[in-house]
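A.B. asks: Here is the input, now give the coordinates:
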Amino acid sequence: MSASEPMQPSSSSSSIEPNAEGSPSERDHKRIGPLAACLESLAHVRKASADKAIAIRETDKQSVRLLRGSVVAALIFLFLPLAGFAKHAIICLIAADSFFLLALAIYIVGRFGILRVMSPRHALVCWQLMLGTSLFAIALSINAVFLLLINLAGQHLMNH
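C.D. replies: Below is the predicted model of the structure:
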């Protein structure tokens, strides 16, 4: 079942989930297109992000700061070879990659616990979103490497 498909209501009224206002509506059970579902979901997350009533754990705030700091550190390490440290380029690249991957792992692992308190359906959909996003990122990375290799091979062949 995809996120844009309607929930299958059972005979009991307790299976109907409330909408954002707290009451079930007919709109919650109608199928909408993927683009509309995506746009509505983004708007919903934007609204939730701006809601000051939603409490964010301090550990989550710390992992966001750590992730932001690791991006800055990674950028610094990536540009150090251009600033005259070319002989240390590999070390800088490994350091940048390590900082970012460690911070990203802490960020992700710190949020996995939410799945245990969700309804089974929501936990499954969230898991599928995480898995799909991971596979998408892997596919983009592999394609980026292929494009880089094709570009480098083309330049090499043109020079010979």
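A.B. asks: buried residues in the longest helix anywhere in the chain?
C.D. replies: Criterion DSSP state H: the longest helix present in the chain is helix 120-159. The neighbour-count check on helix 120-159 (16 or more other C-beta atoms under 10 Å) flags C126 as buried. The C-beta positions use only the backbone N, C-alpha and C, and glycine is treated the same way.
A.B. asks: which residue is nearest the centroid of this protein?
C.D. replies: Closest residue to the average C-alpha location of the chain: T133 at 6.4 Å, with C-alpha atoms, centre = their mean.
A.B. asks: What distance do you get for that one to V45?
C.D. replies: 14 Å (C-beta to C-beta, to the nearest Å).
A.B. asks: And for H122?
C.D. replies: Taken as C-beta to C-beta, the span from H122 to V45 is 14 Å.
A.B. asks: repeat for F85
C.D. replies: Taking C-beta to C-beta as the measure, F85 falls 40 Å from V45.
A.B. asks: Look at these two and report which has more neighbours.
C.D. replies: In this view F85 and V45 are compared by other C-beta atoms under 10 Å, and F85 has more residues nearby, 13 against 10.
A.B. asks: wait, the more buried one sits on A95?
C.D. replies: No - shown here, F85 and A95 do not form a contact pair, counting by C-beta atoms under 8 Å, at 11.4 Å.
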